[in-house]
Structures are given as structure tokens and as C-alpha cells.
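Asks: Quick one: sequence and predicted model below, then my questions.
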Amino acid sequence: MTRILPLLALALALPVQGEAPRQVRRYTIDQLLATTVFQGDSISPDGRKILVSSNQTGVFNAFAVPVDGGAPVQLTDSKVNAIRVLGWFPRDERFLYVSDQGGDERTHLYVQSPDGKVRDLTPGDKLKAELMGWSPDDRSFFFRSNERDPSLFDVYEMTLDGYERKLLFTNPGGFIPVGVSPDRRYVALGKAQSTIDNDVHLHDRTSGKTALLTPDEQPGAEVDNAFQTFSPDGSSLYYTTDQGAEFKRLMRYDLTADLTAGRREEVLRPDWDVAGAGFLRSGKHLMVAVNADSRMEIRVFEVPGMRPLELPRVPDASLANVEISRDGRWMAYYAESGSTPANLYVRDLQTGKDRQLTRSLGPDIDPADLVTGEVVRFKSYDGVEIPGILYKPHQASPTGRVPAVVRVHGGPGGQAEVDYHPMIQYLVNHGYAVFDINNRGSSGYGKTFYAMDDRKHGDADLDDCVASKKMLAATGWIDPDRIGIYGASYGGYMVLAALAFRPREFAAGVDIYGISNWKRTMESIPAWWGAMRDALIREIGDPEKDAEALLRKSPLFHADRIERPLLVLQGENDPRVLKRESDSIVEAVKKRGVPVEYVVFENEGHGFSRKESQKKAYEAVLAFLDKYLK
């Protein structure tokens, strides 16, 4: 059984009903997009600056943020392709970053020198390369690349002086390389049986043998095991597992003994999923992320001993990430809330003093005008409890009911989380309630709940979205006749499914690069997904064996039932949901004479990273909803 939290009475589960409605300032899209996103927290070897990616130029570029305060210093000047920083080199001011071409997801690794010169360390036309980690001796880094075979990732080591590469592991097939031990002896491998059944293997480069570290206690059981990190001294491997439980806990595997002995111990078992774990650059601290009811909690422990480290507290915000410099002098961290984007801070661990280094929110925006979502729950059509995050406009009241949209996250298997969403804030500021639903099949609420939509996509999970309308109407401040639905990727598919299979439930739909033809999409999954493609096929359906079932759940072949207005947004270079998915549904709906609007974004892929594209998208969504819901 899935973990079911006590169902609160509606008056308690929803935002406080006694709060007096009030009018707020309406912000333009330009004011909203004056907000800046910062990502990354690599502390320079001299401790004087922090390397981040920021979109303040309109495109993500690399910046150095002074620890003593002051404006971020721009280091790169990309006009189109997003640059995501990976970290300073350990002993000098070169830095590593990753970038693709127009959102095609074929990422390469680049190094930029202090003089501004850039070198592509993984050149090639069709390959994809990803960083796996830095070596503890500061001489190299590890990465994986599919240059040999588009469907397989091999593991390489590259020296920091001379950029010489060495092949460490040739993938025989079926594995996803996820880590290299500090002594380079072991390569950790993930193997996906399904989206809820994954194993961790360990390849011994000395013997050439590969061992399964996570055998199932019960034959045939579906257990989700995931590698997290090696200890800095190489004596152990950390992984998460939900074996025998609903939620994932953190385990440690002893590598100093015979691997066949299976010496392991439980490290951390919270009430929710351990979403991730890794050692900080200090080498003495283990950071753990816990997915606690749609809120990611960051915990840091001193190792050995797992003694909790007291973390900074920022009023009305939670920590989003932490890093500690190798010398133990500085702690960099982000703090954010549902109504405020993440800001970068630094703490001097010698004096205990904190300094805020960035001001993310646009200068014209009053944080009091924005809204922090609240986690609510309702009983769905079959009694299953469904959580979600409800955003209530400040001006909403029983005498001034507002329109609403149900937002469906991506995936399948994603999750709505309480953090800052520019699109949500834009809609709420302009008078729309937003319910960010965690329909069955969402992660974070136990493996039983996660598997409830398997082979039932666009049906069981869709009816959760429909059932949420009763909860929204029961608030008294939402107009039940003006409820729309929007989502991206798998959420976009849910929008199309809602309009095709439940054609009169929602007043309008906004599909952002959603799937219209499941058979075609499953056939066009990028080669580099490898074993994950097979796992997804087991969950969704095989394009050959299950072709008929896939066509039944594909909105494209039921477009004659669509009668409510539709807006479609699509990235031109999207490698996951190809543009033809959107082209097809738009053409089919147009033939029906149903209002449909279509916007295609150049140099964008599966997500719109440039502010220019975001402005165009946000304005299109608001104008569409204003036309059909207001």
C-alpha cells in the first residue's frame, strides 16, 4: 500500500479561508523576466569567487560571483546556446562547462582558460558527452561519451594538463555508467529493468569482472536501486534502494571486503525518499536531498559518524543546494521559496557570518505580490488520495471567483514541487488559480503510487486531473466553469488526452511540446537513452507489440473528438518530442474547425532556455487563457 497521509478537512487543507482578499500590482512579462536565474556553486581554488550559470544576458552564460560581494563578472558571451558551468579546475582558474546546439541535447564538454580561449574537449558531430566527476588527486576528470556507439556510453578519463584521454570502460551494452572510484579501479553501472526496477553493478577494471551489488531478496520483486557516490577514500559505495519498503533509503556498501560478501549497512532512512546524495568538495561532508512531500530538504553530515551539520537558516526560504570549499573555509548555498527564486549565499565558516551574493527577483517586483503554493490533498474518483500544490491569487474570494488551470508535470513519473515557477507566478499574478497536481504515477509518494499509472496513461492519471475540479470548485473562490489544463512534455500529452478523451471537462488546453502519437514517439526515442528506452517501453508500451494500445491512447487518432480551444508551443530542435508531434495535432484540430493556435521556437529544444523565447511563450499562454477563460 502507498503511504497515505491523513486527509485534512478541506478548510484546513486549503489556504486559510479567513484571509481578506486584496488587490496586487499586475506585472508585465518584461518585469517578470527581469528576474535572474543563478545555478552552480563551485568555489574557486583561492576562495575569492563562485562560478555560476546565469541568464541575466537572456541566454545562460558563465559568471564569477565575488565572495566579498559585488556584481557578477561575465566570463562567456553566448548569444544562442545555453552554457551550464560544471566547476573551476582544482588548482587554477580554468573552468569546465557543458553546452549543446540549439537545445538538441548533444552536449559537449568545454574548457575556458583565464584568457577567454575556449576548447571543445569532446569534438564530434553526433556524440553526447557528460561529466562524471573530478579525480581526487586533482589531475583529471571522468566523463562518459557515446562517440563509439550512439546507443552506449563508454567511460573516459581526461588529464587537466594536456587534455589527454584514456578509455577506462567499454560498455558491452545494457549499462549506464554512473561513477568511477577514486583509485580508478571500479566503475559503477546502472541497469534499468523498468522505471521501477533498477540495479547497481560494479565493474572491476583489475579483474575485468562485473558484479551485481543489489540482488533482489525476493525473486521477481521490482526494486529501485540507484548509485549515488563513492566515498572520497574509495572504501565504500553509497546507493539508494526501496527494497522491502515504499520509500528509498540510503545504503553504504563496503568495498574493502570481498564484494561477494555483500557487506552493506543502512545510512539514512527518512520518512520520504532519499532523492540523492554526494560528497562535497571538502571531502568530509555528505550532502543528502530528501524529497519531503513536494519539498526538497537538504541535509549535510560529517563523515564518518553521520553527525548532522547545522545549516544556515534564511527566513521564509529553504536551502536548495550546499557546497563547502576544500580548505573548509567557505560554505556556498542557495535558498529559495515558492514565491522567490533561488539566491546564492556564502558563509565564512571561521566567523559564522553569512552574505547574500545575488538578488534574483526582478527589481520592480514586490515579493508580497507573489504567491507561495500550499500542498493540498483530495480523494480522487476511486478513493486514492492525490496531492498537489495550490496557488491562490491574492484577490480571489467567494464574491470574486477566479478562473483556474490544472498544471500537469512532465514524465511520466515527474513531480510538482514547491519551488519558484515563473510561468505559475505570471498566471497567478494575472488572476488565475493554479493547481500543480501530483496525479497517480508521480514520484515522491512511494513506489505503489508511482506505478499506479503503468499502462494506464491518459486514463487513470487523467481522471485524477478531472477529479481535481471538484476540489477546486469546493474552495468557493474558483469558478468551476472556467477551469483549463496545461502542461509540458508528458504534461502536454495529458492536455491533449484531456481534450480528446474527456472533451467537455476543461474549458481550454495549453500543450507545450506534448506527445500526440505514442507509437511514433516511442520509435523516435534518442539513441543515447539506451537501456532507459527499454525501461520506458515496459511502462508505456512497445511500439510493435503494443501498437494498437498505443494508438488508442494517442490523441492524434481521436482529434475528431476535440472541441475546446487549444494552444500548442513547440521547440524546433526538440529531440525527445519531435516537432512533427505538434505539427500533426495542430493540423488535425484545424480540420475540425476548433480554435487552435501554434507557436514554434527556433534554437530551442525540450524546454525554452532563452528569455526571448520565454517572453514569447508566456505572453502567448496568458493571451490565450484570457481569451477563453476570462
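Replies: Arrived safely, thanks for sending. Model, not experiment: these values are computed from the prediction.

Asks: Need the per-residue pLDDT for the residue sitting furthest away from the middle of the chain.
Replies: Computed with Cα atoms, centre = their mean, the residue of the chain farthest from its C-alpha average is Thr399, at 37.8 Å. With respect to pLDDT, Thr399 scores 96.

Asks: same check, this time on Leu472
Replies: Looking at Leu472, its pLDDT reads 98.

Asks: what's the answer for Arg326, then?
Replies: Per-residue pLDDT puts Arg326 at 89.

Asks: Next: Asp138.
Replies: Looking at Asp138, its pLDDT is 94.

Asks: How about the contacts made by it?
Replies: Contacts of Asp138 were listed using Cβ atoms under 8 Å, 6 or more residues apart in numbering, and they are Pro90, Arg91, Leu160. C-beta here means a position set from N, CA and C on the backbone, and glycine is covered the same way.

Asks: pretty sure it belongs to a strand, no?
Replies: No. If the criterion is DSSP: H, G, I helix; E, B strand; the rest coil, then Asp138 is coil and not within a strand.

Asks: Got a ChimeraX select line for the buried ones in the contacts of Asp138?
Replies: To isolate the buried members of these in ChimeraX, using 16 or more other Cβ atoms under 10 Å:
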select :90,160
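
Asks: ok so, going back, could you check how far the residue farthest from the centre of the chain is from Val85?
Replies: Thr399 is 50 Å from Val85, where distance means Cβ to Cβ, to the nearest Å.

Asks: now swap in Gly173 and tell me
Replies: Taking Cβ to Cβ as the measure, Gly173 falls 33 Å from Val85.

Asks: Looking at the two, which is more packed in?
Replies: Taking neighbours as other Cβ atoms under 10 Å, Gly173 and Val85 compare with Val85 leading, 26 against 9.

Asks: And the helix or strand hosting Leu131, what does it pack against?
Replies: Applying DSSP states H and E as the criterion places Leu131 in strand 129-134. On a contact count with 3 or more Cβ pairs under 8 Å, 6 or more residues apart in numbering; DSSP states H and E, strand 129-134 meets strand 95-99, strand 108-112, strand 140-149, strand 176-180.

Asks: Out of these, which gets nearest to Tyr493?
Replies: strand 176-180 (24.9 Å; Cβ to Cβ).

Asks: Okay, angle between the following helix or strand past the closest one and strand 140-149 too, please.
Replies: Next in sequence after strand 176-180, counting helices and strands by DSSP H and E, comes strand 186-194. With axes from the mean of the first three to the mean of the last three Cα atoms, to 10 degrees defining the directions, strand 186-194 sits at 50 degrees from strand 140-149.

Asks: Now the next helix or strand after strand 186-194: buried residues?
Replies: Counting by DSSP H and E, the next helix or strand C-terminal to strand 186-194 is strand 197-204. By neighbour count on 16+ other Cβ under 10 Å, the buried set for strand 197-204 is Asp197, Asn198, Asp199, Val200, His201, Leu202, His203.

Asks: ditto for stretch 245-256
Replies: For stretch 245-256, burial by neighbour count (16+ other Cβ under 10 Å) applies to Glu246, Phe247, Lys248, Arg249, Leu250, Met251, Arg252, Tyr253, Leu255.

Asks: Would you enumerate the residues in contact with the second one?
Replies: When you say that, I think you mean Phe247. Phe247 sits next to Arg3, Pro270, Asp271, Trp272, Asp273, Val274, Gly446, Lys447 when contact means Cβ under 8 Å, 6+ apart.

Asks: Restricted to buried residues, select those in ChimeraX.
Replies: Selection of buried members from those for ChimeraX, criterion 16+ other Cβ under 10 Å:
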select :270,272,273,274,446,447
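
Asks: quick one: which of the contacts of Phe247 is nearest to Asn573?
Replies: Looking at these and their distance to Asn573, the nearest is Asp273, at 32.8 Å (Cβ to Cβ).

Asks: pLDDT score assigned to the closest one?
Replies: pLDDT, Asp273: 98.

Asks: my guess is it meets Asn291, correct?
Replies: Yes. Counting by Cβ atoms under 8 Å, Asp273 does reach Asn291; the two are 4.4 Å apart.

Asks: any shared contact partners between the two?
Replies: Ser443, Gly444.

Asks: about what we covered before: give me the residues contacting the strand holding Leu131.
Replies: Outside of strand 129-134, the residues within contact range by Cβ under 8 Å, 6+ apart are 86-87, 90, 96, 98, 107-109, 121-122, 140-145, 147, 153, 155, 177-180.

Asks: tell me the mean pLDDT for that strand?
Replies: Strand 129-134 carries an average pLDDT of 97.

Asks: can you state the direction angle for that strand and strand 176-180?
Replies: Relative orientation of strand 129-134 and strand 176-180, computed by the same axes, to 10 degrees: 30 degrees.

Asks: tell me the angle of strand 129-134 relative to strand 95-99?
Replies: Angle, strand 129-134 to strand 95-99, by the same axes, to 10 degrees: 150 degrees.

Asks: Can you tell me the strand partners of strand 129-134 and which way each runs?
Replies: strand 140-149 (antiparallel) (DSSP bridges).

Asks: Can you give me the buried ones in the helix or strand following the strand it pairs with?
Replies: Scanning forward in sequence from strand 140-149 by DSSP H and E, the next helix or strand is strand 152-159. Going by neighbour count (16+ other Cβ under 10 Å), the buried part of strand 152-159 is Leu152, Phe153, Asp154, Val155, Tyr156, Glu157, Met158.
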